[in-house]
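J.: no sequence on this one, just coordinates:
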């Protein structure tokens with residue numbers, strides 16, 4: 001693992017947090033992912049989680065077996081599921097002596113100078129606590145951006161990475177990384193526009209974003225000088241491995257020479 005402390009933003013998509021049916025949260029996944037984040041915190045890194053999963057968490061409470069199509073039902077699921085999502089994060093991180101902080105944001109929060117500054121100041125104070133892990137999600141119950149503009153929190157994670165001046169952004173998804181025409185993982189990308197054609201339309205049944213959404217997020221981050229990675233969230237060790245510099249998933253080279 002890198003010995004130099006880094007500020008890391010990790011995005012967990014719905015597809016890696018829910019069970020195979022997408023009707024409940026996968027507690028084994030939460031246990032492993034939080035353990036890996038806790039290891040980074042113990043090593044001195046500052047970590048921010050941008051987490052989807054609220055809608056999936058709320059499905060069972062409404063007696064739904066599939067993700068609804070209409071916005072009010074999605075927002076109702078999110079409103080119910082958000083508390084369940086945070087309860088699970090809180091319980092899992094407590095095993096490692098860490099506490100969690102919840103930040104619910106909308107596009108307007110980040111687009112507003114006052115909202116942007118308030119979020120930045122809040123996160124700065126949380127980082128100073130050392131034992132607190134901030135968990136950020138779109139404020140799904142009142143905003144529509146999560147179901148369109150932000151794309152399953154992909155764009156939100158990039159905006160948060162820029163907000164906190166992160167060193168690394170890691171997008172964890174259900175695939176190993178960006179795949180070429182033969183299905184092999186592209187290990188390193190210097191220019192996003194040159195690989196846009198590789199973005200496939202398919203996405204997980206209970207996810208909102210796809211590879212196109214992720215590449216759009218990557219572009220925001222790398223142009224701000226933040227090294228970005230897309231990797232599998234279903235395989236152990238990806239988070240600490242990427243931070244340690246191992247060639248896992250797809251690495252997108254940061255511009256502007258900051259990272």
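T.: That came through fine. Computed from a predicted structure; not experimentally measured.

J.: next one: phi and psi at residue 189?
T.: Backbone geometry at residue 189, expressed as degrees, to the nearest 10, gives phi -130, psi 130.

J.: got it, and residue 175?
T.: With angles defined as degrees, to the nearest 10, residue 175 sits at phi -120, psi 170.

J.: that one reaches residue 233, doesn't it?
T.: No - Residue 175 lies out of contact with residue 233 (CB atoms under 8 Å); the separation is 9.4 Å. No exception for glycine: its C-beta is placed from N, CA and C like everyone else's.

J.: help me confirm that residue 47 is found in a helix?
T.: No - going by DSSP: H, G, I helix; E, B strand; the rest coil, the assignment for residue 47 is strand, not a helix.

J.: contact partners for it?
T.: By CB atoms under 8 Å, 6 or more residues apart in numbering, residue 47 lies in contact with 8-10, 37, 40-41, 133.

J.: okay, and the beta partners of it?
T.: Using DSSP bridges, the bridge partners assigned to residue 47 are residue 8.

J.: for residue 194, see how far away it is.
T.: With distances taken as CB to CB, to the nearest Å, residue 47 is found 31 Å from residue 194.

J.: swap in residue 91?
T.: According to CB to CB, residue 91 stands 44 Å off from residue 194.

J.: between the two, tell me which one has more neighbours.
T.: residue 91 (14 against 9; other CB atoms under 10 Å).

J.: where does the stretch 151-259 of the chain dip in pLDDT?
T.: When residues are selected by pLDDT under 70, those of the stretch 151-259 of the chain lie in 151-152, 200-209, 256-259.

J.: please enumerate the helices of it.
T.: Secondary structure of the stretch 151-259 of the chain by DSSP state H, counting those that start in this stretch: the helices cover 154-163, 211-223, 238-243.

J.: residue 55 touches residue 77, doesn't it?
T.: Yes - counting by CB under 8 Å, residue 55 does reach residue 77; the two are 4.5 Å apart.

J.: which one's more surrounded, these two?
T.: Taking other CB under 10 Å, residue 55 and residue 77 do not tie; residue 55 has more neighbours (30 against 24).

J.: now the more buried one: how far from residue 167?
T.: Residue 55 sits at a distance of 30 Å from residue 167 (criterion: CB to CB).

J.: show me what the nearest residue to residue 10 once chain neighbours are set aside is bridged to.
T.: Nearest residue to residue 10 in three dimensions, chain neighbours excluded: residue 170, at 4.7 Å (CB to CB, 6 or more residues apart in numbering). In this entry, residue 170 is beta-bridged to residue 10, residue 229, by DSSP bridges.

J.: same check, this time on residue 138
T.: For residue 138, the beta-bridge partners are residue 105 (DSSP bridges).

J.: follow-up on the earlier one: what sits in contact with each of residue 55 and residue 77?
T.: With CB under 8 Å, 6+ apart as the test, residue 55 and residue 77 both reach residue 67.

J.: format the helices of the stretch 151-259 of the chain as JSON lines; extra columns: distance to residue 124 and mean neighbour count.
T.: Below are the helices of the stretch 151-259 of the chain laid out as JSON lines (distance: least, CB to CB, whole Å; neighbours: other CB atoms under 10 Å):
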{"stretch": "helix 154-163", "distance to residue 124": "10", "mean neighbour count": "26"}
{"stretch": "helix 211-223", "distance to residue 124": "19", "mean neighbour count": "22"}
{"stretch": "helix 238-243", "distance to residue 124": "21", "mean neighbour count": "22"}
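
J.: how about TSV for these, with distance to residue 125 added?
T.: Shown next, in TSV, are these (distance: least, CB to CB, whole Å):
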stretch	distance to residue 125
helix 154-163	14
helix 211-223	23
helix 238-243	24
